[in-house]
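Peer 1: how would this look folded up:
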Amino acid sequence: MSNPIKLSLVNPQRFPFFYGYVVLIIGSIGILASIPGQTIGVSVFTDPVKDALGLTRNQFSNAYMIGTLLSSALVARAGVWFDAYGARYVAFFATLLLGASLLVFSVSVEISETIKRALNIQSWSVPFLLITLLFFLIRFSGQGVLTMASRNMIMMWFKKNRGKINSISSITVSLGFSSAPILLNWLIDDHGWAMSWQIMALSLFIFCICILQLYRNRPEDFDLLPDGAEKKELDQEAEEIETHFTLKEAKKTRAFWMFGLVLAFNSFYVTGFTFHIVSIFGSQDYTKSEAIAVFLPMSVIAIFVSTLCNILSDYINHKIYLFIMLLAGVLASLGLLILSQPIGVYFLVGGLGTMGGLFAVINAVTWPSFFGRKHLGYISGKVMSFLVIGSAVAPSLFSYCYTSLGSYKYISYITLTFLLFLIVGSIGVKKPQ
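Peer 2: Numbers count the residues shown, from 1 in each chain. A predicted model of the protein is given here:
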């Protein structure tokens, strides 16, 4: 970096304490800022927006799928941008794009009607194509780039204490994500869905200024070391032992694929469940409020699991987390299968909460621990493309199971089969370092 503090008044070298703790706070806020582009942020808008645009549930889900799939093609490239330009500029432009996309989304009905009048056609294809483009923009900038850049930046500033630091970030993010549906639902009830998106867009534009002032790419840019260590304290032998894998080298290991695919499964299942949560519980005679309320116990479990496992991650083999996450996926799948029974809700909440907690650990701590920091952006960007693809196909697959087969439970047969494949494939996983 020629000038790592350009356009900023903040210099990490002059801070009275280690600047990594500032990075921890602002990076965690950055992950929370991606909520409008995450499924948990979109799901609350699903019913009012599809009705306003005159789209069916399947059409809306398909637009979400296509837009998300298109974004997956560019997410891996964003990892290259992260390695080349750093978290600061990548996160800034991602946040700017996300905010601008939400503004356009807020007037999507007006834009759709204008296009229909100009072309003299009355077809669902106009709003469908419009929101497909908008879903591409918010999924790429929010779920993909902003999340990846913010999380990787935190991990760049810490090494020995990565797990402990990530536990703090995970608690903040879990609380924010779990409360988001409730807060967004309140915002929509009070101001309408269009104004709610405009309020979020304005908040993102303000956060852009915070990014330029406080985001910093890595401690070495300021002659600092991870964890705030002094140069004389640096364990040279440990540094020499650590290997920095390229993406090509990482893809040759079984660990890359098994950990990447279990994260993709989590993204698939959580996205499909969250996107249709009101409909899923409604099919079993639960109210909208009761459906949204399950996020609270899920977040409590996720926070407990992520805190404990983050702290232990500095000392134990991450392969244990892989198998726990797979078993949690089995539990969640069984929960959806028997949701008509009260125990099904407990299975769903327990399984999804455990998966969510472990996702926060594996997606942040495992990649730098397994493959080093030098090519972290490229490697995590590739993994992020797996997650985006998983989240892309989930809403449509869930929707078709319900509209064509009459129940969401049939999705469980697919997920349980996939999990069995991952369990068998994960037996031979070893840490690459």
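Peer 1: my read: residue 157 touches residue 25, true?
Peer 2: No: shown here, residue 157 and residue 25 do not form a contact pair, counting by Cβ atoms under 8 Å, at 11.5 Å. In this view, the C-beta of every residue, glycine as well, is placed from N, C-alpha and C.
Peer 1: more neighbours, those two?
Peer 2: Ranked by neighbour count (other Cβ atoms under 10 Å), residue 157 and residue 25 place residue 157 first, with 27 against 14.
Peer 1: Any chance you could list what contacts stretch 73-81?
Peer 2: 90, 94, 140, 144-145, 148-149, 377-382, 384-385, 388 (Cβ atoms under 8 Å, 6 or more residues apart in numbering).
Peer 1: How about stretch 323-332?
Peer 2: So stretch 323-332 is contacted by 262, 265-266, 269, 273, 347-348, 350-352, 354-355, 358-359, 362, 415-416, 419, 422-423, 426 (Cβ under 8 Å, 6+ apart).
Peer 1: Narrow those to just the buried residues.
Peer 2: Neighbour-count burial (16 or more other Cβ atoms under 10 Å) is assigned, among the contacts of stretch 323-332, to 262, 265-266, 269, 273, 347-348, 350-352, 354-355, 358-359, 362, 415, 419, 422-423, 426.
Peer 1: Inside helices: which ones of those residues?
Peer 2: Mapping these onto helices (DSSP state H) picks out 262, 265-266, 269, 273, 347-348, 350-352, 354-355, 358-359, 415, 419, 422-423.
Peer 1: now the strands for the chain?
Peer 2: In the chain, no strands are found when defined by DSSP state E.
Peer 1: what bits of it have low per-residue confidence?
Peer 2: Applying pLDDT under 70 to the chain flags the ranges 1-3, 229-242, 433.
Peer 1: give the contact list for the residue nearest the centre of the chain.
Peer 2: Closest to where the C-alpha atoms of the chain average out (Cα atoms, centre = their mean) is residue 143, at 5.1 Å. Contact partners of residue 143, counting by Cβ under 8 Å, 6+ apart, are 34, 37, 38, 39, 68, 71, 387, 388, 391.
Peer 1: Nearest to residue 287 among the residues you listed?
Peer 2: Using Cβ to Cβ, residue 39 is the member of these that sits closest to residue 287, with 21.1 Å.
Peer 1: So what's the residue count around that closest one?
Peer 2: Residue 39: 23 neighbours (other Cβ under 10 Å).
Peer 1: Could you report the separation of the closest residue to it other than its chain neighbours from residue 86?
Peer 2: Counting by Cβ to Cβ, 6 or more residues apart in numbering, residue 271 is the residue found nearest to residue 39 once chain neighbours are left out, at 4.4 Å. Separation of residue 271 from residue 86 (Cβ to Cβ, to the nearest Å): 29 Å.
Peer 1: higher neighbour count, these two?
Peer 2: Neighbour tally, residue 271 and residue 86, criterion other Cβ under 10 Å: the higher count belongs to residue 271, 28 against 22.
Peer 1: you'd agree the more buried one is up against residue 399?
Peer 2: No: between residue 271 and residue 399 there is no contact under Cβ under 8 Å: 11.9 Å.
Peer 1: Could you list every helix and strand in contact with the lengthiest helix in the chain?
Peer 2: In the chain, taking DSSP H as the definition, the longest helix is helix 162-214. Helices and strands touching helix 162-214, by 3 or more Cβ pairs under 8 Å, 6 or more residues apart in numbering; DSSP states H and E, are helix 20-33, helix 39-42, helix 46-53, helix 57-106, helix 147-156, helix 288-293, helix 295-312, helix 342-361.
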